[in-house]
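quick one, what's the 3D model for this:
(one chain, ligands or ions: 1)
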Amino acid sequence: MNLSAIDAEGKKHQVVGLTGQTLLKALCNAGLIDPESHRLEQIDACSAECEVHVAQEWLERLSSPSYDESYVLKRNSRNRELNKHARLGCQVVLEQDLEGMVAGALAKSCKSKTSSRTL
Ligand code: FES
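Residues are numbered from 1 along each chain as shown. Alright, predicted model coming up:
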């Protein structure tokens with residue numbers, strides 16, 4: 001499926017994801033999130049570095065965040081307040097009806113470090 005991601009500099013990228021794959025893996029494969037800093041994919045062992053922001057129209061198509069996901073996002077937010085558009089990329093599983101979704105990737109691009117790596 002085709003997705004779009006906006007990187008930390010505001011540049012739009014086309015991202016190809018697979019049904020059943022996490023948004024994090026799709027963003028890592030596109031070089032937009034460094035897989036080395038997110039390889040655990042266990043939210044209790046991480047610090048929300050895979051946080052993405054999703055527009056309302058797409059948020060409504062995602063399953064609701066778990067208590068743990070909301071807790072990690074809130075714990076790592078600047079004001080300890082949950083941004084209603086924030087999700088953890090490792091917790092968003094791509095489904096067919098997310099074709100065309102746009103996500104803002106907050107992490108710095110890692111293309112120079114991981115261009116040939118796949119997860
Ligand atoms: S991979 Fe660490 S919080 Fe998602």
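
find the closest residue to the ligand in the chain.
The nearest approach of the chain to the ligand comes at Cys46, 2.5 Å away (CB to the nearest ligand atom). For glycine as for every other residue, the C-beta is placed from the backbone atoms N, C-alpha and C.

was I right about that residue contacting Tyr71?
No - contact criterion CB atoms under 8 Å: Cys46 and Tyr71 do not qualify, at 11.9 Å.

phi, psi of the spatially closest residue to Glu81 that is not a sequence neighbour?
Nearest-residue entry for Glu81: Lys74, 6.9 Å, with adjacent residues in sequence omitted and distances by CB to CB, 6 or more residues apart in numbering. The phi/psi pair for Lys74 (degrees, to the nearest 10) reads phi -70, psi -40.

so what's Lys74 up against?
Counting by CB atoms under 8 Å, 6 or more residues apart in numbering, Lys74 makes contact with Arg80, Glu81, Leu82.

can you rerun that using 10 Å?
Counting by CB atoms under 10 Å, 6 or more residues apart in numbering, Lys74 makes contact with Ala48, Arg80, Glu81, Leu82, Asn83, Ala86.

all strands for the protein, in order.
2-6, 12-16, 51-54, 86-88, 102-105 (DSSP state E).

looking at the ones you listed, which is buried most?
Of these, the one with the most neighbours on average (mean count of other CB atoms under 10 Å) is strand 86-88, at a mean of 24.

re earlier: per-residue pLDDT, the residue nearest to Glu81?
The confidence metric pLDDT takes the value 90 at Lys74.
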